[in-house]
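Peer 1: No sequence on hand, only this structure:
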């Protein structure tokens, strides 16, 4: 079953929605315009219920099938928020709002799910219910967690939940998915080093925290390279160093900030514990003191095996078996859909965005040619998961 003809027919309409969202990006929970348009369209399509303000600015549309013998509800999720970036793509529909840009394709995700909603509301060729989840604040705000805390699953009765993200470099018309960890946990660490400041001409009278920080940056790399099983994956990156105010003064303090990315909860626990043990001891060897704060972010995005196999089968119906990589490489990027998968079984799939620039770059743009493929996947997933009697 290739791309649905009806979806292909109104692909230009869906693309127009997408480009409007692109031109008017909103960040974090401040997605009032986008959420308002989503709610209006879901109502116009004939959704049986439209829930607004869930998780502050989230929207959920409910569509009932022709029958409800199974009593089952499938959730489909799209994210709505943009990034605090200045766009330099040069496209005619580029951002009209300074310092905000759809650099991750959430405009495309929202538009594709709206296209599927329109089709499903027209045909209702399924048994049970589908909940269309439009989420704010994926980019660092944990909007998925906030929607859950606001009763997403209790209010909708969702049994399984599915997500999708465009993937630059993956050819158009292809999908990638894997069971288990597909996106990484995104933790942060903050290290405060205290030495003994003084005159830069008399370093022997000081305990230089900058020297400690410089040595520590290198030493931290051994946590992954020399302490972790090489068959396990992890990334530890130092991203900021702050110290000093003048070129003739050795500072008393320095700060190091970084991120840890893991695909396994055990590895995550190990690195957190190792940092807490290693950092103070390392600083002490220089006569300095170091305190570390480890902050857990989004958890690992873990695809359930049965739902992953099912999603791969559905994708193959749309693009053929050769167009689905069912053991695609995981990404060390993070995704707060992980919170939803921690609550309900489901699967997260990548859809090819073709030869575009990378996500989170100022020249990125979602590929509108992916719309019929993605929207058809959503529709067929519902019809397969909730077969009509």
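Peer 2: That came through, no problem. In this text, all values refer to a predicted model and were calculated from it rather than measured experimentally.
Peer 1: Quickly list the domain ranges of this structure.
Peer 2: 5-183+300-385, 185-295 (automatic domain parsing).
Peer 1: Between the two ends of the first one, how far is it?
Peer 2: Same thing as domain 5-183+300-385. Chord length of domain 5-183+300-385, first to last residue, is 21 Å (CA to CA, to the nearest Å).
Peer 1: ok, now stretch 182-198?
Peer 2: Start and end residues of stretch 182-198 are separated by 49 Å (CA to CA).
Peer 1: Pull out the buried positions in that stretch.
Peer 2: Neighbour counts over stretch 182-198 (16 or more other CB atoms under 10 Å) mark 182-187, 189, 191-195, 197-198 as buried. From N, CA and C alone the C-beta is placed, and that goes for glycine too.
Peer 1: Next: stretch 67-78.
Peer 2: For stretch 67-78, by 16+ other CB under 10 Å, it's 70, 72, 73, 74, 75, 76, 77, 78.
Peer 1: Those in strands, which ones?
Peer 2: Within those, residues falling in strands by DSSP state E are 73, 74, 75, 76, 77, 78.
Peer 1: circling back to that earlier point, TSV please, covering the domains of the chain and showing mean pLDDT.
Peer 2: Putting the domains of the chain into TSV (pLDDT from 0 to 100) gives the following:
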stretch	mean pLDDT
domain 5-183+300-385	97
domain 185-295	97
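Peer 1: Buried deepest among those, which one?
Peer 2: Sort the domains of the chain by mean neighbour count, taking mean count of other CB atoms under 10 Å, and domain 5-183+300-385 sits at the top with a mean of 21.
Peer 1: elements contacting the host helix or strand of residue 235?
Peer 2: In the assignment (DSSP states H and E), residue 235 maps to strand 234-243. Counting contacts by 3 or more CB pairs under 8 Å, 6 or more residues apart in numbering; DSSP states H and E, strand 234-243 is packed against helix 209-225, strand 253-262, helix 265-284.
Peer 1: Find the centremost residue of this structure, please.
Peer 2: Central residue of the chain (CA atoms, centre = their mean): residue 335, 2.7 Å from the mean position.
Peer 1: hmm, back to that, possible to save the helices and strands packed on strand 234-243 as TSV with distance to residue 118?
Peer 2: Output for the helices and strands packed on strand 234-243, formatted as TSV (distance: least, CB to CB, whole Å):
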stretch	distance to residue 118
helix 209-225	47
strand 253-262	37
helix 265-284	39
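Peer 1: what's residue 139 in contact with, if anything?
Peer 2: 27, 28, 79, 81, 82, 83, 104 (CB atoms under 8 Å, 6 or more residues apart in numbering).
Peer 1: Of those, which is the nearest to residue 293?
Peer 2: residue 28 (23.0 Å; CB to CB).
Peer 1: which residue packs closest to the residue nearest to the centre of the chain, ignoring adjacent ones?
Peer 2: residue 183 (4.2 Å; CB to CB, 6 or more residues apart in numbering).
Peer 1: I'd assumed residue 323 was in contact with residue 177.
Peer 2: No: assessed by CB atoms under 8 Å, residue 177 is found out of contact with residue 323, at 11.7 Å.
Peer 1: Now for those two: what residues contact both?
Peer 2: Counting by CB under 8 Å, 6+ apart, the contacts common to residue 177 and residue 323 are residue 315.
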